[in-house]
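K.L.:
could you look at this predicted model? Sequence included:
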Amino acid sequence: MRDFELPGRSPVYAANGMIATTNPQAALTAVEILRAGGNAMDAAIAGAAVLSVTEPYNMGIGGDVFVLYAPATQDDVLAYNGSGYAPLRATAAWYAEHGMAAIPAASAHAVTIPGAVDAWVRLNADHGRKSLEELLEPAITLAEDGYPVSDVVSYYWQQATAHLKRDPAAAAIFLPGGRAPARGSLHRQPALACTLRRIGREGRAVFYEGAVAQELVDRLQQAGGLHSLEDFALYRGEYVTPIQTDYRGYDIFECPPNGQGIAALLMLNVLAGFRLNGLDPACAQRLHLEVEAARLAYRDRDLLIGDSAHHPAPVQELLSEAYAAYLRGQVDPHRALGELPESPFPRHSDTTYISVIDRDRNAVSFIGSLFHSFGSGIAGLESGVVLHNRGFGFRTAAGHPNAIGPRKRPLHTIIPGMARKDGRTALSFGVVGGRYQPLGHAHVLSNIIDFGLDLQEAVDLGRVYPEDGLVQVERGIADRTAMDLAGYGHQVVRRAEAGDHDGGPIGAASIVGIDWQAGMLIGAADPRTDGCALGY
């Protein structure tokens, strides 16, 4: 329990339904859907649609989604891959011929076919109670009548100004009067409202086969993209089998590759061999072990993970006890590794989240993204759609598991999470923040499972993140702890000094848990954003 004399917030409790997400309007919408008889999937889709309006730099119908769904009526956890693929003409040979050693982030080549709309339609048809038209109405109203721009949203929007100015359509939609909306101002997206209304009434064909698809393909081709109407028309998301590991009696579920959830499970497998609960959760020794486990897991992710339909990853071997023991043996509890050892496996030649659990205890972990802020920055003026840039994650070197290829999905950073204990759902959770997300999953789960923190304390605790040889630490990490962490041999920098990011905090978590004994739902959301947990 938190110290009530200090600033902070407590977990939220409710008996009938709970939502945790990054935006209050999305949380309110989702709760209203639950109160009106909708289930967890209905609430998640409605909330995600609102986030696509109120956090336009993070999420939109021009992006992708991944979902974990734990129905109350069955033991299985279902996973849905709503990520898009590259155009049919996008071959590694084409990029080699055109001298492109990497995919430019702000380019048509970074745009894969968006999967969000297809996922909403499919998941609503398969698991929802309410019509898609009804679920999209709150988002349509906000887009049409306007929504207030929060401090957090304004902050990131301002930083994307130069990016948005590259595209006249994006600038017309998102820079009214030539500038990003100020905090507390009202912003409208009438073209997006019209597109959402048509999707609700007519379904996926509006986006993938009609005038919207034509406009987006035209825009992409004008910008040099290899996309075609056929690429849009043939796109479908798919149900996939989740991957899992056991962490101290909890079954932890992630989506399989092409997502990076396997890195979170690798980290947990490494940490399972250390006695963490005897440590202070905020001490340097605990953080050192997390950093080292993350470095090894990220090494294997970058080496081995791509679209499993084209390059199957050795998932069983990676998640085996033997491999966990091998990785653990590389970790020195007292000293940072210098150069990471070679992997024993052969070498191949901005986001938002919503968690919902309903009165029947159906649980949905739902994450979506445009990747970078406002994605590619390429927009359709008539449709109001801004396209993501998830294809930036592709490699252009032929033979790599994550090399770009026809109808191939790139390695994705966005990962929903789910935890079960004794055969019942315990936690539905996510931690947005790009490449940080696997470490975020492991960190928050360890806070709860190893250290007994309540859900909100687990979300609030200070974070660290290793990247490019540096260990970034938030201001929530005490100076003494940062100095101690440097004593392990890490090159420690304050997050604000790292210089390769937008200046914001490290990730943002949202969690809904179930206390089966008390019959209670518990929600926690991150104060690093406009995080909001609501229940009824």
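P.N.:
In hand now; what should we look at? Everything numeric here is computed off the predicted structure, so don't read it as measured data.
K.L.:
C-alpha only now, for contacts and for neighbours.
P.N.:
Will do.
K.L.:
now the helices for the stretch 401-536 of the chain?
P.N.:
437-449, 455-460, 479-487 (DSSP state H, counting those that start in this stretch).
K.L.:
list the buried residues of the last one.
P.N.:
Of the residues in helix 479-487, 481-482, 484-486 count as buried by neighbour count, 16 or more other Cα atoms under 10 Å.
K.L.:
in CSV, list the helices of the stretch 401-536 of the chain along with distance to Phe174 and mean pLDDT.
P.N.:
Converted to CSV, these look like this (distance: least, Cα to Cα, whole Å; pLDDT from 0 to 100):
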stretch, distance to Phe174, mean pLDDT
helix 437-449, 27, 97
helix 455-460, 31, 98
helix 479-487, 39, 97
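K.L.:
hmm, back to that, in JSON lines: the buried residues of helix 479-487, plus distance to Arg390.
P.N.:
As requested, the buried residues of helix 479-487 are exported to JSON lines (distance: Cα to Cα, whole Å):
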{"residue": "Thr481", "distance to Arg390": "36"}
{"residue": "Ala482", "distance to Arg390": "33"}
{"residue": "Asp484", "distance to Arg390": "37"}
{"residue": "Leu485", "distance to Arg390": "34"}
{"residue": "Ala486", "distance to Arg390": "34"}
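K.L.:
now, among those residues, which is nearest to Phe253?
P.N.:
The shortest gap between Phe253 and any of these belongs to Leu485, at 30.4 Å (Cα to Cα).
K.L.:
ok, now which ones touch that closest one?
P.N.:
For Leu485, the contacting residues are 284-285, 287-288, 492, by Cα atoms under 8 Å, 6 or more residues apart in numbering.
K.L.:
inside helices: which ones of the residues you listed?
P.N.:
Applying DSSP state H to the contacts of Leu485, the entries found in helices are 284-285, 287-288.
K.L.:
so which of these is surrounded by the most neighbours?
P.N.:
Using other Cα atoms under 10 Å as the neighbour criterion, His288 leads the ones in helices among the contacts of Leu485 with 25 neighbours.
K.L.:
pLDDT score for that residue?
P.N.:
For His288, the pLDDT comes out at 98.
K.L.:
what distance do you get for it to Val431?
P.N.:
Noted for His288: a distance of 20 Å to Val431, by Cα to Cα, to the nearest Å.
K.L.:
what does Pro11 give?
P.N.:
Applying Cα to Cα, the value for Pro11 to Val431 is 17 Å.
K.L.:
now swap in Val444 and tell me
P.N.:
Note on Val444: its distance to Val431, by Cα to Cα, is 9 Å.
K.L.:
and for Thr54?
P.N.:
19 Å.
K.L.:
and these two? which has more neighbours close in?
P.N.:
When Thr54 and Val431 are compared for neighbours, Val431 comes out ahead with 32 against 28, by other Cα under 10 Å.
K.L.:
ok, how many other residues are close to the residue nearest to the more buried one when sequence neighbours are not counted?
P.N.:
Leaving out its chain neighbours, the residue that sits closest to Val431 by Cα to Cα, 6 or more residues apart in numbering is Ala509, at 4.1 Å. Per other Cα under 10 Å, the neighbour tally for Ala509 reads 31.
K.L.:
which ones are touching Ala509?
P.N.:
By Cα under 8 Å, 6+ apart, Ala509 lies in contact with 429-432, 440, 459, 525-526.
K.L.:
sorry, back to before: want to throw the contacts of Leu485 into a markdown table with distance to Pro7?
P.N.:
Shown next, in a markdown table, are the contacts of Leu485 (distance: Cα to Cα, whole Å):
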| residue | distance to Pro7 |
| --- | --- |
| Ala284 | 24 |
| Gln285 | 26 |
| Leu287 | 24 |
| His288 | 27 |
| Val492 | 27 |
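K.L.:
out of the contacts of Ala509, list just those in strands.
P.N.:
Counted as lying in strands by DSSP state E, out of the contacts of Ala509, are 429-432, 525.
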